[in-house]
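Q: quick one, what's the 3D model for this:
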Amino acid sequence: MSNPKFFAVIFNVVILGQITFAQAVTGQHERFVSGVIETLDGERLAETTVHLTNVGNATTSETGEFALPLPSRLQPGDPMEISLGEEWFVVRPWEGQGFVPPGFTDKVHVRAARRGDPRLLADPKLVKQLVASVTSLLDSEPSLSTDPDQLLGEKSRLLGFSLDQARSAIEGWSRKVQEPYEKGLAALYARHYAEASSYISQSASVSDEEQVERYLALAYAEDRLGRYPEALVALTAARHVQPNNPRILNNLGVTLIDQGEYSEAEQVCQLALSTYERALGPEYPKVARELNNLAVVYDNLGRYAEAEPLYERAIPIAEKALGPSHYQVAAYFNNLATDYYRQGRYAEAEPLYKQALEIKEKALGPEHPDIAITLNNLAAVYDGLGRYAEAEVFYRQTLAIKEKTLGMEHPGVALTLNNLGYLYWEQGRYSEAVPFHKRALTITEKALGPTHPLVATYLSNLGTDYENEGRYAEAEPLYKRALEIKEKALGPEHPDLAICLSNLALVYQHEKRDAEAEPLYKRALEIDEKALGTEHPSFAGVLHNLAVLYSQEGKDAEAVRLLEQSLAINERALGPDHPNVAADLKALADALRRLGRTAEADADEERAATIRSKISEKNPKQ
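A: The predicted structure follows:
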């Protein structure tokens, strides 16, 4: 199963005002952030507590001024979040999300409004800010695809309004807007992504701040259309404007993950994480988001042992900040489960996926795209456990939700088509698998380009269909192309490469080209042993294939040794009634019989038949 796309969001309290970066002479140089808080009427806000996240609190003077010493760890350009307590909402900078100024005389104008003040929803500029803040958060994490209404509900509560009040204000604003960027934002909120992309691309902006917002909005529109290269262009342009803005770094890292550019994504995600940890503290919710993103990168690079502790650290941070029933917490459960899945730890993955599904269904409803993500992953666990009938039901549910919410040509749809095809392949239903794999490949090549790692996965799976139909001449070039793509994109030691090598070796094996097959199997074993360890089902799968090759060459004693090792691994990892266990037993029986060990062969063959009978009873459609 390929790692699904997720993203989640973090909400921040906001303020606006005039902030200066000052340096006092006290024997040593001491840096301060100081400013003035004003209301929407321009009046100074006196005797009010100002809070800077991970910096401290101050009380404004009679003239609305405040000053706080800046910790030495903070650098110019670091994020700085300002809030004023329960009564006030910061509208400039929007939600108080500012940055440490670059110099001692630089100032930021800060304004605040009382929560629930009708002017917040009556001013077109503020409604535009509200729409921009909702849409800019939609693609901030590879773990959730939250829709605008979900975010608007939380944003409206921060403002002191109901969801209906905020939605009504946005609808009124949307009908009146004329400027292309504003039309694009309105279309983006309405989920009209192609229209949003067209309008935003036509727009021009004045300030750096608005230019960044424009690029972020454009990137999200392109992402929703499955046009990840175009999203990457927009985010790269945003980074040229503000190179160290962690919000841009975050979204750029997510898009690089979507693009399969994992090495570059690692650098960007590490920079975003270190920036937020330094500026906002190690327990801040945005730190959890960045921990998750970096873990997703490691998962895609096959570095599962590095990913797992990052997820485990992110979950309690999110639970503490957002509550245990928040959809973002569900996203992290989902991703940790996927990490377990990729390590072959299916029994540990299943309850986490179920927990994530329960949270998401309560928070988002039964047909939300994020429900499809976890349904897909739970189906993959059942697939891995040989529970094919259950897996097909969940895959079919996933496909229906994705086609309805994402459209027929989205890469997310291709992922589920691929998984359904693979499920049919595992059951020997090869002719049914081919059209699913072909459609997945066509969609993904069009959306992501011919060298994306997912293209290689679908090429490989289509090749496997052909191979099992005896169409070896058609399978071989697909496997070779998949191998070339994976090696270039993921490096020579990624576990996905072992799969490609084993597949190509199997074609050579069918064609009696044993001398070409054996070194490929041995290289695959070396990769799996280093990346996954010798107890992983993938390692066992290569052992099995190499053993069958040895049997073909008359090396049955060597084949028995490898098959016994594979059998032991699969029994421990997958359980005694898994199809892989049955396959090992049947191959082992054949080899033992040729060695004259008839009684052992009969026992293994009988057990294999019993397992297959149980599987048939559980999966009557086979």
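
Q: run the chain-centre distance for the lengthiest strand in the chain.
A: Across the chain, the strand with the greatest residue count (assigned by DSSP state E) is strand 29-39. Centroid separation between strand 29-39 and its chain, computed with Cα atoms, centre = their mean, to the nearest Å, is 38 Å.

Q: which helices and strands does it pack with?
A: strand 17-25, strand 65-69, strand 110-114 (3 or more Cβ pairs under 8 Å, 6 or more residues apart in numbering; DSSP states H and E). Backbone N, C-alpha and C define where each C-beta goes, glycine included.

Q: and those, which one's lowest on average pLDDT?
A: Comparing mean pLDDT across those, the lowest value falls on strand 17-25: a mean of 38.

Q: for this structure, give me the ranges with low pLDDT.
A: Scanning the chain with the threshold set as pLDDT under 70 gives 1-30, 103-108, 136-150, 205-206, 208, 618-622.

Q: what's stretch 581-594 in contact with?
A: Contact partners of stretch 581-594, identified using Cβ atoms under 8 Å, 6 or more residues apart in numbering, comprise 540, 544, 547-548, 551, 556, 559-560, 563-564, 566-567, 570-571, 574-575, 598, 600-602, 604-605, 607-608, 611-612, 615.

Q: I'd like the distance between residue 518 and residue 189.
A: The spacing between residue 518 and residue 189, counted by Cβ to Cβ, to the nearest Å, is 58 Å.

Q: to clarify, my last question referred to residue 212.
A: Residue 212 is 18 Å from residue 189, where distance means Cβ to Cβ.

Q: picking that back up, who's more crowded, residue 518 and residue 189?
A: Using other Cβ atoms under 10 Å, the more surrounded residue of residue 518 and residue 189 is residue 189, with 26 against 17.

Q: how far away is that one from residue 131?
A: Plainly put, residue 189 is 5 Å away from residue 131 if you go by Cβ to Cβ.

Q: list residues touching both of the two?
A: residue 170.

Q: returning to that earlier point: taking the contacts of stretch 581-594 one by one, which sit in strands?
A: Judged by DSSP E, strands contain none of these.

Q: for the buried ones among these, write the corresponding ChimeraX selection.
A: Typed into ChimeraX, the line below selects the buried ones among these, using 16 or more other Cβ atoms under 10 Å:
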select :540,544,547,548,551,556,559,560,563,564,566,567,570,571,574,601,604,605,607,608,611,612,615
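
Q: list the ones among the contacts of stretch 581-594 that fall in helices.
A: Filtering the contacts of stretch 581-594 for membership in helices, criterion DSSP state H, returns 540, 544, 547-548, 551, 556, 559-560, 563-564, 566-567, 570-571, 574, 598, 600-602, 604-605, 607-608, 611-612, 615.

Q: centre of the chain versus stretch 547-566, how much separation?
A: Distance, stretch centre to chain centre, for stretch 547-566: 40 Å (Cα atoms, centre = their mean).

Q: endpoints of that stretch, how far apart?
A: End-to-end distance of stretch 547-566: 9 Å, with Cα to Cα, to the nearest Å as the criterion.

Q: how about stretch 201-214?
A: Termini of stretch 201-214 sit 9 Å apart (Cα to Cα).

Q: what sits against the nearest residue to residue 304 once chain neighbours are set aside?
A: Once flanking residues are discounted, residue 304 sits nearest to residue 343: 5.1 Å by Cβ to Cβ, 6 or more residues apart in numbering. By Cβ under 8 Å, 6+ apart, the contact set of residue 343 is 304, 532, 536.

Q: who's in contact with the first one?
A: For residue 304, the residues meeting the contact criterion (Cβ under 8 Å, 6+ apart) are 298, 339, 342-343, 532.

Q: hmm, who's touching the helix or strand hosting residue 264?
A: Assigned by DSSP states H and E, residue 264 belongs to helix 262-280. Helix 262-280 is contacted from outside by 53-54, 73-75, 78-81, 100, 244, 246, 249-250, 252-253, 256-257, 284, 286-287, 290-291, 293-294, 297-298, 300-301, 489-490, using Cβ under 8 Å, 6+ apart.

Q: so how do I select the buried members of those residues in ChimeraX?
A: Selection of buried members from those for ChimeraX, criterion 16+ other Cβ under 10 Å:
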select :53,54,74,78,79,80,81,100,244,246,249,250,252,253,256,257,284,286,287,290,291,293,294,297,298,300,301,489,490
